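Q: coords please:
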Amino acid sequence: MGKPPRDGQGEATRLIRAGGAKRPLKAVTVSPPVQRGSTVLLPEAAALYDPRYVTYGRNGLVGHEALVEGLCELEGATHVQLYGSGLAALTGAILSLVGAGDEVLCVDCIYSPTRRFLDNFAARYGVTSRYFGARATAEEVMAMAGPTTRLILLETPGSLTFEMQDVAAVAAAARARGIMTLLDNTYGAGVLFRPIAQGVDVSVQALTKYVCGHSDVFMGSAATASPEVARKLAIGTRDNGWTVSPDDAYQALRGLRTLASRVARAGASGIEVATWLAAQPEVVRVIHPALPDCPDHDLWKRDFKGANGLFSLVLQPASETAVNALLDALELFGLGFSWGGFESLAIPCDIQLKSARTAEPWTAEGPVVRLHIGLEDPADLIADLRGGLDAFAATRGR
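A: Numbering: from 1, shown residues only. This is a model prediction of the structure:
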């Protein structure tokens, strides 16, 4: 902090100045230091308005820079913008790319808070939205596009029912019409799928999920390889004052180091549990793109390097009471939203599915439950699920 205290200065001055002088790091560590600061001191007056310098801590310091560098490597991007949550990354990127009078085309299986944002907040500012089927072809999507269509939103696979889109085909068709594409890549997490390599303009992640990995940090990112899109994202962040704390940036960077190992473990365990569930009499079918009988398996196998721990199952027809009995009997699965952490989770999905599809209605043989398989021993999770299914069967038969 500027110059060290001088002899003869008052006590208040000396205490403020003490310990604040520039000093080199004592050692090189494997991760950057957590650099906290709102005020940034510049070396000279001419630097205060020099765009080559970081002039305010909101813009990000050394930890933010390290995280952005790592995420660029993860996504195959040249620019990454950080946001305070995954939803903020989605909404912030959309706001940065469209304006009043523009139209957004969105896949019907999009994350429901994104739909809520489009239908309510964005609509208030003159942005219109329409939805296409979760498995719509590139030709079907582009047939909906009009002169005001500026952005196409994708999510593959959908985070409740796991339908997939042919991302490369949609991205190529959109680019030929001068329409931007944005994909929610939270499932792919960068290690399983790289949208930018498929021609997508913006890859958004809820880093809260797999990158941070411990269910204790909110953060999101928007990655791009387009200089013009990068400029728009940066302006949106600057002008709206969006920021990420240095402590959270450090936690995300730490999670990034073990991302590949954790996703691989969760994915392998998820396939083991899903395969077991598919053979249980209480289960009509398992919705998991890595299983060969899933409708989108071939597309998943073509585009993805592997699976994560998230999938759904359709139960035999039953009441809400029976579904709740299943969930309440679970001991290792927490009952909670989100996913991507170290722990296994379960939620019922029917309430969301009934209110979140407008392009085509969702139908299934019975109730839908989504599971996230964490890092526990899969044999223990299977035993826990067997207990839950027993409670479901007992309650269903009443």
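Q: export stretch 264-281 as CSV, just CAs?
A: C-alpha atoms of stretch 264-281 as CSV (Å, rounded to 0.1, in the frame of the first residue of the first chain):
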residue,chain,number,x,y,z
ALA,A,264,-15.2,-39.9,-14.4
ARG,A,265,-15.9,-41.5,-11.0
ALA,A,266,-19.5,-40.2,-10.8
GLY,A,267,-20.1,-41.2,-14.4
ALA,A,268,-18.9,-44.8,-13.9
SER,A,269,-20.9,-45.2,-10.7
GLY,A,270,-24.0,-43.6,-12.4
ILE,A,271,-23.9,-46.2,-15.2
GLU,A,272,-23.6,-49.0,-12.6
VAL,A,273,-26.6,-47.8,-10.6
ALA,A,274,-28.6,-47.0,-13.7
THR,A,275,-28.0,-50.5,-15.1
TRP,A,276,-29.2,-52.0,-11.9
LEU,A,277,-32.3,-49.8,-11.7
ALA,A,278,-33.3,-50.8,-15.2
ALA,A,279,-33.7,-54.4,-14.1
GLN,A,280,-35.9,-53.6,-11.1
PRO,A,281,-39.6,-54.4,-11.3
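Q: List the buried residues for it?
A: Ala264, Arg265, Ala266, Gly267, Ser269, Gly270, Ile271, Val273, Ala274, Trp276, Leu277, Gln280 (16 or more other CB atoms under 10 Å). From N, CA and C alone the C-beta is placed, and that goes for glycine too.
Q: CSV for the residues you listed, including pLDDT?
A: Output for the buried residues of stretch 264-281, formatted as CSV (pLDDT from 0 to 100):
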residue, pLDDT
Ala264, 98
Arg265, 98
Ala266, 98
Gly267, 98
Ser269, 98
Gly270, 98
Ile271, 98
Val273, 98
Ala274, 98
Trp276, 98
Leu277, 98
Gln280, 98
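Q: Return the closest of the residues you listed with respect to Ser221.
A: Nearest to Ser221 out of the buried residues of stretch 264-281 is Ala266 (CB to CB; 20.0 Å).
Q: how near is that closest one to Ala45?
A: Distance, Ala266 to Ala45, using CB to CB, to the nearest Å: 53 Å.
Q: what do you get for Asp184?
A: Distance check for Asp184 against Ala45: by CB to CB, it reads 45 Å.
Q: More neighbours: which of those two?
A: Of the pair Asp184 and Ala45, Asp184 is the one with more neighbours under other CB atoms under 10 Å, namely 26 against 7.
Q: So which residues of the stretch 101-250 of the chain form helices?
A: Secondary structure of the stretch 101-250 of the chain (DSSP state H, counting those that start in this stretch): helices at 112-116, 123-124, 138-144, 167-176, 227-240, 246-257.
Q: What segments of the stretch 151-300 of the chain are strands?
A: 180-184, 202-206, 220-224, 283-287 (DSSP state E, counting those that start in this stretch).
Q: Just say which of the ones you listed is most tucked in.
A: Here the criterion is mean neighbour count by mean count of other CB atoms under 10 Å, and of these the winner is strand 202-206, at a mean of 31.
Q: what angle do that strand and strand 180-184 make?
A: Here strand 202-206 runs at an angle of 20 degrees relative to strand 180-184 (axes from the mean of the first three to the mean of the last three CA atoms, to 10 degrees).
Q: so what's the residue nearest the centre of the chain scoring on pLDDT?
A: Nearest to the geometric centre of the chain sits Ala206, at 2.3 Å (CA atoms, centre = their mean). Ala206 carries a pLDDT score of 98 in this model.
Q: Please apply the same query to the one 10 residues further on.
A: According to the prediction, Asp216 has pLDDT 95.
Q: Return the helix or strand in this structure with minimum mean pLDDT.
A: helix 11-17 (a mean of 74; mean pLDDT, DSSP states H and E).
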